[in-house]
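Visitor: Pasting the sequence and the predicted coordinates here, then a few questions.
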Amino acid sequence: MNLVASLFDFSWFSETLRRPTSGVGMLVILGLVLIGFLIGIVVGWVWRPRWAGFSDCVFDGSVVKSQIVDSDQKQEQTLHPSCSSSVAKKDDDHLPKDEDLKHLWHLVEKRDGGPPWKHMMDGSTATMTYQAWQRDLETGPPQYCSMTVYEEATPELLRDFFWDDDLRLKWDDMLLHATTLEEFPAIGASVVHWIRKFPLFCSDREYIIGRRIWELEGSFYCITKGVPCSSVPRKQRPRRVDVYYSSWFIRPVASKKGNNQPACEVMFFHYEDMGIPWELAKFGVRQGMWGTAKKIEQGLRWYQKERACLETVSHHATMARMSTKINQDYLARLESESDEDVTQTQMRVHQEKPGGIDTNIPKLLVIGAAVALACSIDRGQLTKAVIFGVAKRFGNIGRRALPAPRL
């Protein structure tokens, strides 16, 4: 105990600092301080709590978040629909819906109400033109938008290319695993399980993705987003990415080469929260964006040749062709239904808003009594002003007790 007490007795240190000391003495003192610092690190590391170990990414912090998520698995199983095939036929609430279609449509038309996009880069090859933008919202991860024009390619080819996980495993070296969990052939929707690898400091990431395609007069709204699924247990590794959105709008355009060859434009919107600092994620995306764009085009050209040699298309491409057919009237109806909902909400708020004779009776009584009192007491203008001021204050009590509703 005396040894331990002496280790924490720093009176000798303060006493030494008061006395003039030679250079050698100062070096000895600094050496002792350094030794004590190292001892503190060793002791702290040996006695560290279990949750203080490093997680799967040096920027992810500790494993506390993973343990909290694991403890909430039972709650998640009761809150979210299962991904088993038996439940899939009964419950498809976790799939992309018309609301998601309307959101992507508004993104394409620049009517989503978000902040403006900031230009990031331009790039082109002999058969591809690429532009990219980025923006930051008040909450949530950074969002990215790109517009790519592919020469000598059709929208149907790009639709199948982005959906075909079987062949994607051959050209996308970042995709380690892809399997289908659910299918809804009636609407062409599915739920897939992905595991992707990331370079440098991050470990693999796991995704549960719901996806669906809407076809509009030769163009395609392709939506993929993260969905809950309790049938795939959440693990510490690979880390699951819950906040995920990646969608395309594919349409035919005129070829920039001026020939009769087909060309198509792909507007791509993406954001996800991988569990690393967003500024670091933006830096990584900025550095690797053009390389990724060229890599995707190389995969597309390989996919073109591979498809030409195949007698039949893959099952994923077949599901992509089971898209939901819509027209412009359908989109207009989605817009009108949204406007009707807003109007009905405003009407309910207006009906619930206090007002009218009934609510004003107490106020009128208070003001009337004040008038009578002011007229019966002749104490000058100041006294009457005070009485009317107090009456006005009491008359506004009911109004302050019912704050104005927020729209």
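Guide: Structure received.
Visitor: Least confident secondary structure element in this structure?
Guide: Taking all helices and strands of the chain together, the one with the lowest average confidence (mean pLDDT, DSSP states H and E) is helix 85-88, at a mean of 36.
Visitor: For the helix or strand following it, give the mean pLDDT please.
Guide: Past helix 85-88, heading to the C-terminal end, the next element that is a helix or strand (DSSP states H and E) is helix 98-108. Here helix 98-108 scores 96 as its mean pLDDT.
Visitor: Mind giving me the packing neighbours of helix 98-108?
Guide: Where contact means 3 or more Cβ pairs under 8 Å, 6 or more residues apart in numbering; DSSP states H and E, helix 98-108 is packed against strand 219-226, strand 244-253, strand 263-272, helix 328-352. The way it works is simple: take the backbone N, C-alpha and C, and place the C-beta from them, glycine included.
Visitor: Direction included, what does the third one pair against?
Guide: Meaning strand 263-272. According to DSSP bridges, the neighbouring strands of strand 263-272, each with its direction, are strand 143-151 (antiparallel), strand 244-253 (antiparallel).
Visitor: and the angle from that strand to helix 98-108?
Guide: Between the direction of strand 263-272 and that of helix 98-108, the angle (axes from the mean of the first three to the mean of the last three Cα atoms, to 10 degrees) works out to 110 degrees.
Visitor: what about the strands in this protein?
Guide: For the chain, the strands defined by DSSP state E occupy 118-125, 128-135, 143-151, 175-184, 189-196, 205-216, 219-226, 239-240, 244-253, 263-272, 324-326.
Visitor: any chance of those strands in CSV, plus mean pLDDT?
Guide: Formatted as CSV, those follow (pLDDT from 0 to 100):
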stretch, mean pLDDT
strand 118-125, 95
strand 128-135, 97
strand 143-151, 97
strand 175-184, 95
strand 189-196, 96
strand 205-216, 96
strand 219-226, 97
strand 239-240, 94
strand 244-253, 97
strand 263-272, 97
strand 324-326, 94
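Visitor: and of those strands, who's closest to residue 299?
Guide: Taking Cβ to Cβ as the measure, the strands of the chain were each checked against residue 299, and strand 175-184 came out nearest at 10.6 Å.
Visitor: List of residues touching the closest one?
Guide: 83, 85, 88, 92, 95, 165-166, 168-169, 189-197, 204, 208, 229, 231-232, 316, 319 (Cβ atoms under 8 Å, 6 or more residues apart in numbering).
Visitor: Give me the buried positions along that strand.
Guide: Applying a neighbour-count criterion of 16 or more other Cβ atoms under 10 Å, one finds 178, 181, 182, 183, 184 buried in strand 175-184.
Visitor: Return the member of these nearest to residue 256.
Guide: The closest of the buried residues of strand 175-184 to residue 256 turns out to be residue 178 (Cβ to Cβ; 33.3 Å).
Visitor: Just list whatever residues bridge to that closest one.
Guide: Beta-bridge pairing for residue 178 (DSSP bridges): residue 194.
Visitor: now swap in residue 134 and tell me
Guide: Beta-bridge partners of residue 134, counted by DSSP bridges, are residue 118, residue 144.
Visitor: got it, and residue 326?
Guide: With DSSP bridges applied, residue 326 shows beta-bridge pairing to residue 216.
Visitor: roughly how far apart are it and residue 123?
Guide: Distance check for residue 326 against residue 123: by Cβ to Cβ, to the nearest Å, it reads 33 Å.
Visitor: who wins for proximity to residue 100 among the strands of the chain?
Guide: Comparison of the strands of the chain against residue 100 by Cβ to Cβ identifies strand 219-226 as nearest, at 5.1 Å.
Visitor: Contacts for that closest one next, please.
Guide: Residues outside strand 219-226 that contact it (Cβ under 8 Å, 6+ apart): 96, 100-101, 104-105, 155, 158-159, 162-163, 207-215, 241-252, 272, 323.
Visitor: For ChimeraX, what selects the buried ones among the residues you listed?
Guide: Isolation of the buried members of the contacts of strand 219-226 (16+ other Cβ under 10 Å) is achieved in ChimeraX through the command below:
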select :96,100,101,104,105,155,158,159,162,163,207,208,209,210,211,212,213,214,215,241,242,244,245,246,247,248,249,250,251,272,323
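Visitor: tally of neighbours for residue 102?
Guide: The local packing count at residue 102 equals 17, with neighbours defined by other Cβ atoms under 10 Å.
Visitor: can you check residue 120 too?
Guide: Around residue 120 there are 17 residues (other Cβ under 10 Å).
Visitor: Next up, the contacts around it.
Guide: Residue 120 makes contact with 132, 133, 134, 286, 289 under the criterion Cβ under 8 Å, 6+ apart.
Visitor: how near is residue 321 to residue 165?
Guide: Here the distance between residue 321 and residue 165 works out to 15 Å (Cβ to Cβ).
Visitor: who's more crowded, these two?
Guide: For residue 321 versus residue 165, neighbours defined as other Cβ under 10 Å are more numerous around residue 165 (22 against 14).
Visitor: Grab the nearest non-local neighbour of that one.
Guide: Beyond its immediate neighbours in the sequence, the residue positioned closest to residue 165 (Cβ to Cβ, 6 or more residues apart in numbering) is residue 178, lying 4.0 Å away.
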